[in-house]
Every structure is written in C-alpha cells, then in structure tokens.
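In: 3D model of this:
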Amino acid sequence: MLDTSVGALGAADSRLPGPFPVGSYAVALKRRLQEFAHVQLTGEVWGFRASRVRVYFELRDARGALPCSMWRQDFEVLGVKLADGMRIVVGGGCDYYPGSSASSPSFSFAVSELRIAGEGDLLMALEQLRRRLAGEGLFEPQKLLERVGLPRTIGVITGERGKARDDVLAGLRRRGWGGRLIWAFAPVQDRHAAPRITAALRELAATPEVEVVIVARGGGSIADLYAFCDETLCRTVALLRVPVISSVGHHTDRTLIDDVAAVCCSTPTHAAEAAVPVDCRAAREALTSRARRLRDHGDRAVLTRARTLASLSRAPAAHIRRHRSRLHQLLRELRASARRQGERGAGRLSSQALALERTAARAAGSDRSKRASELERLALALGAHDPERTMARGYALVADRAGVPLGSAAAARRAEELDVRFHDGSVSARVAPEPGP
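Out: Purely as a prediction, here's the structure:
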C-alpha cells in the first residue's frame with residue numbers, strides 16, 4: 001500500500017492518482033520486482049568488478065544488457081574466473097535498491113547461481129574438486145619426496161601407440177641415459193582410462209626397482225583429458241612412495257594430476273628430462289676428460305718422484321754427512337747460548353736479591369717511626385674532640401628528663417625540668433616562668 005498522506009498537494013486537474021512520496025513508491029517498486037519469478041539467463045560478461053561484499057558485472061547479448069550482482073562470498077566458493085566476453089549462465093531474480101536522500105537508486109539482477117556456458121559445468125566441478133583436494137593437503141606429499149638424480153629404472157605410463165611414447169624416448173636419448181624402462185600401456189581417453197592408469201601406477205610403485213614414474217599424454221580438450229582429473233587417480237598418486245612426473249596436455253592444459261604429482265611438465269620430452277636431471281652424455285664426457293687429466297697428472301708426478309729418488313740415491317753418504325755436520329753445529333750453538341743465558345741470569349738474580357735486602361732494611365726502620373708518629377697525631381686529634389675536656393673548660397650539657405640534649409632556650413622552656421651535666425657530675429634544675437610585662 002502506498003502512503004497517501006500528501007495527496008492533497010496534487011494538481012486539481014490531473015486524473016492520475018497521488019501524488020505519493022517517492023520513497024513509498026520506490027519501496028513498492030522493490031517489492032513488485034522481487035515478486036518476479038526467478039529465472040536463468042545466458043549472455044556474455046562485461047565490466048566485471050569486485051567490492052569487499054559483492055561482485056558486479058553486466059550480462060549482454062545482441063538485443064540487450066542487464067546489470068548483475070552477486071555476494072562475493074558465494075562467488076568465491078564457485079572458484080571460477082570471469083573475463084570480458086566470457087559466456088556464462090546465471091540464475092536469480094530482480095532486485096532494486098530504493099536509495100535515499102543521500103544515495104542513488106539502483107536496479108540489478110541478483111545472481112544466486114553461476115556457471116560457465118558450454119564446458120562450464122565440467123570446469124566448475126573440476127575446480128571444486130581441486131579446492132577440496134588442496135584443502136586436504138594432497139598437493140604436498142609428492143612434492144616432499146626425494147628424487148634420485150640419476151635413476152636406474154624408470155616406469156612410464158602412456159598409450160601404446162601414442163606420440164607421447166616416442167617423445168619420452170627422444171628425451172631420454174637426449175640425456176644419454178642408458179638405464180632400464182618399464183612400460184605400462186593403458187588407455188588415456190575414455191571411461192576405462194582412469195581405473196587402468198590407477199592400477200598401472202600401483203603396480204609400478206610396488207616394483208622395488210622403479211625410482212620414478214612418468215605419466216604422459218598429448219594435448220586435447222578438457223573432455224579428452226578428463227580421465228586425468230579422476231579423484232581416485234589423484235588420491236592414489238598423492239599416496240605413492242615413488243615420485244610421479246605428469247605430462248598431460250600442453251602449456252594451456254591443466255589437469256588435477258598435474259597439481260598432485262611431484263613435477264608437472266608441459267611435454268613428454270620435458271618429463272623425460274625431468275626424470276633424469278643429469279645430462280649423462282655431458283657428464284660422461286666430463287668424467288672422461290677429468291680421468292685423462294688425472295692420468296696425465298699422475299704420470300708427471302711419478303716421473304718427477306722417480307727423478308728425485310734417482311738423484312738422492314746417487315749420493316746418500318754425502319747427504320747424510322751434510323745433515324750430520326749441520327746438526328753438530330746447531331748443537332754447539334745451543335750449548336753456548338744456554339751457557340751465556342745462565343751466566344746472565346745468575347748475575348741478574350744476585351743483583352736483584354741485594355737490592356731487595358737493602359729495600360727491606362730501609363722499610364723496616366722507616367715504617368716503625370712513621371707509625372708511632374701517626375698514632376701520636378691521631379691521639380691528640382681524638383683528645384681535642386673529647387666532650388669531657390670541653391665541659392672541663394666551663395661548658396655544660398643541658399638535657400630533658402629523658403636524656404635528650406636541648407640546643408636552644410625555647411626547647412629548655414618547653415621541657416621545664418632539666419638535667420644539667422658538668423664534667424664532674426649532673427644537677428637537676430627547673431625553668432622559672434618568665435615575668436609578665
């Protein structure tokens with residue numbers, strides 16, 4: 001119902017009802033729009049933007065456009081990314097904000113459902129599964145496994161007649177790797193692919209010799225690669241004891257096994273190179289070159305040592321004689337040096353002992369007289385501060401009955417009864433009251 005309290009203000013010659021307050025009409029319009037049936041719409045996204053609470057965009061086609069909004073929390077749960085020109089399907093109903101004196105009104109289509117048109121349902125399901133697996137921490141276990149730098153045995157899962165098989169072999173040949181390959185051929189595109197690939201992974205992981213497993217397939221649409229997004233397959237990969245290197249699709253393709261595997265590569269050739277990080281051919285050439293250098297160095301060292309030994313063996317007696325003569329000379333010098341040091345040390349010690357004796361004798365006489373004079377001076381100073389001597393010169397110490405010394409006449413008048421102490425005894429006294437004026 002509209003508020004008609006201002007109806008008397010309307011034009012007298014108008015046949016239209018009202019006038020009504022604009023706020024009442026806006027609220028009624030909001031209720032009427034919200035009563036429209038909720039429907040699904042399809043169109044292209046334009047002008048996508050997000051605030052802290054809601055996301056906004058326009059849905060357009062050749063015949064018209066409609067402003068749309070959605071709660072940001074609900075949008076983020078979907079896990080989709082919108083871009084201008086993307087075709088989507090939305091579900092919801094009309095909504096209207098009536099505004100106020102300080103804000104403008106606005107109309108929008110309130111979106112409660114959203115998906116990408118065409119492959120949108122499939123992509124949304126994959127994104128939700130990806131978020132669930134990530135929340136369970138299944139993207140981390142494979143990446144924490146230690147990978148062997150030069151594996152002896154590699155397991156490969158791919159199609160038996162696919163080009164991925166040749167690409168893996170080409171990558172291993174490029175590395176110059178000469179280890180052992182264990183092939184596990186499985187379908188890579190149909191409803192039987194995921195279970196067969198999962199079984200092959202379990203068998204290869206159970207083989208003790210296998211140190212790394214490659215899962216390879218060429219590119220394709222999301223429907224072609226859907227087998228590599230199977231939840232059971234991804235959980236199996238996450239729990240394997242051996243690292244898994246995935247190479248499914250090309251640069252633009254992204255399957256769930258790529259997120260779960262230890263390493264994700266863009267092509268089967270790169271997967272083979274990732275499985276064997278060491279360039280075996282280059283390493284072999286480097287080792288050969290180093291061995292050659294070590295052999296040449298060893299030959300030169302042996303030849304040099306042989307020449308030295310031959311030279312020493314020709315004159316062993318002369319060599320020993322030279323060393324004996326040098327040792328005798330050093331011994332004579334040591335004995336002479338020790339004798340000189342002893343004589344100088346004895347002279348210094350005797351001089352120091354004589355000086356100490358003289359110093360001790362002087363200190364003994366001077367200290368005794370100095371201490372006696374110091375004691376006499378201190379006794380005189382102490383006697384000068386003796387209060388008994390002061391009272392002997394005619395002074396007296398005045399205190400109250402409690403023995404507290406009084407230092408002024410006012411204090412004596414307040415105490416009234418006094419104790420006057422002379423050097424030869426004490427006398428009790430009372431303060432006479434002062435005569436009046």
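In: for the stretch 51-200 of the chain, which spans come out with low pLDDT?
Out: Judged by pLDDT under 70, the stretch 51-200 of the chain has its weakly predicted residues at 118-123.
In: Could you rerun that using 90?
Out: Using pLDDT under 90 as the threshold, the predicted model of the stretch 51-200 of the chain has low-confidence ranges 60-65, 76-89, 95-107, 114-129, 148-149, 160-164, 175-176, 178, 188-193.
In: which residues of it fall in helices?
Out: In the stretch 51-200 of the chain, the segments counted as helices under DSSP state H, counting those that start in this stretch are 72-78, 120-135, 163-175, 193-206.
In: Just list what the third one packs against, helices and strands only.
Out: Put plainly, it is helix 163-175. Contact here means 3 or more CB pairs under 8 Å, 6 or more residues apart in numbering; DSSP states H and E; on that basis helix 163-175 packs against strand 153-158, strand 212-217, helix 268-275. The C-beta positions use only the backbone N, C-alpha and C, and glycine is treated the same way.
In: For R307, find the nearest of the helices of the stretch 51-200 of the chain.
Out: Comparison of these against R307 by CB to CB identifies helix 163-175 as nearest, at 45.4 Å.
In: still on that earlier bit, so which of the helices of the stretch 51-200 of the chain is nearest V213?
Out: Among the helices of the stretch 51-200 of the chain, helix 193-206 comes nearest to V213, with 5.2 Å by CB to CB.
In: How far off centre is the closest one?
Out: Averaging C-alpha positions (CA atoms, centre = their mean, to the nearest Å) puts helix 193-206 37 Å from its chain's average.
In: same thing with stretch 15-30?
Out: Centre to centre, stretch against its chain (CA atoms, centre = their mean), the figure for stretch 15-30 is 61 Å.
In: Let's test this: mean pLDDT of it, rounded?
Out: When the per-residue pLDDT values of stretch 15-30 are averaged, the result is 84.
In: Over to that stretch now: how far is its first residue from its last?
Out: 25 Å (CA to CA, to the nearest Å).
In: Kindly report the same for stretch 169-186.
Out: With CA to CA as the measure, the first residue of stretch 169-186 is 17 Å from its last.
In: Name the surrounding residues that touch that stretch.
Out: When contacts are defined by CB atoms under 8 Å, 6 or more residues apart in numbering, stretch 169-186 is touched by residues 151-160, 165, 193, 196-197, 199-201, 203-204, 207, 209-210, 268-273, 275-276, 278-282, 284.
In: What subset of these is buried?
Out: Applying 16 or more other CB atoms under 10 Å to those, the neighbour count classes 151, 153-159, 165, 193, 196-197, 200-201, 204, 210, 268-273, 275-276, 280 as buried.
In: mean confidence for the lengthiest helix in the chain?
Out: Longest helix of the chain, by residue count under DSSP state H: helix 316-384. Mean pLDDT, computed over helix 316-384, is 80.
In: Torsion angles phi and psi at S104?
Out: Recorded main-chain torsions at S104 are phi -90, psi 150, according to degrees, to the nearest 10.
In: So it versus A26, what's the distance?
Out: As for S104, its distance to A26 is 11 Å (criterion: CB to CB, to the nearest Å).
In: Also L380?
Out: Using CB to CB, which is the criterion applied here, L380 is 113 Å from A26.
In: So which of those two has more stuff around it?
Out: Between L380 and A26, counted using other CB atoms under 10 Å, the more crowded position is A26 (15 against 9).
In: what's the helix or strand for that one?
Out: Counting by DSSP states H and E, the element that carries A26 is helix 22-34.
In: what sits up against that helix?
Out: 2-3, 93-100, 105, 107.
In: Can you go through the residues you listed and name the buried ones?
Out: Neighbour counting over the contacts of helix 22-34 (16+ other CB under 10 Å) leaves 94-96, 98 as the buried ones.
In: Which two among the contacts of helix 22-34 are spaced furthest apart?
Out: Distance extremes for the contacts of helix 22-34: the farthest pair is D3 and G93 at 25.9 Å, using CB to CB.
In: from what I can see A271 touches I214, true?
Out: Yes - if you go by CB atoms under 8 Å, A271 and I214 touch, sitting 5.0 Å apart.
In: Next, show the common contact partners of these two.
Out: Taking CB under 8 Å, 6+ apart as the contact criterion, the common neighbours of A271 and I214 are 168, 245, 247.
In: I'd say the second one and H270 touch.
Out: Just to be clear, that refers to I245. No - with contact taken as CB under 8 Å, I245 and H270 are classed as non-touching, separated by 9.1 Å.
In: shared neighbours of those two, anything?
Out: Shared contacts of I245 and H270, counting by CB under 8 Å, 6+ apart, come down to nothing at all.
In: circling back to that earlier point, can you say which of the helices of the stretch 51-200 of the chain is nearest to R344?
Out: Counting by CB to CB, R344 lies closest to helix 163-175 out of the helices of the stretch 51-200 of the chain; the figure is 78.7 Å.
In: the inter-axis angle of that closest one versus strand 212-217?
Out: 130 degrees (axes from the mean of the first three to the mean of the last three CA atoms, to 10 degrees).
In: and helix 163-175, how far out from the chain's middle?
Out: A distance of 39 Å separates the C-alpha centroid of helix 163-175 from that of its chain, computed with CA atoms, centre = their mean.
In: how about it: buried residues?
Out: By neighbour count on 16+ other CB under 10 Å, the buried set for helix 163-175 is 164-165, 167-168, 171-172, 175.
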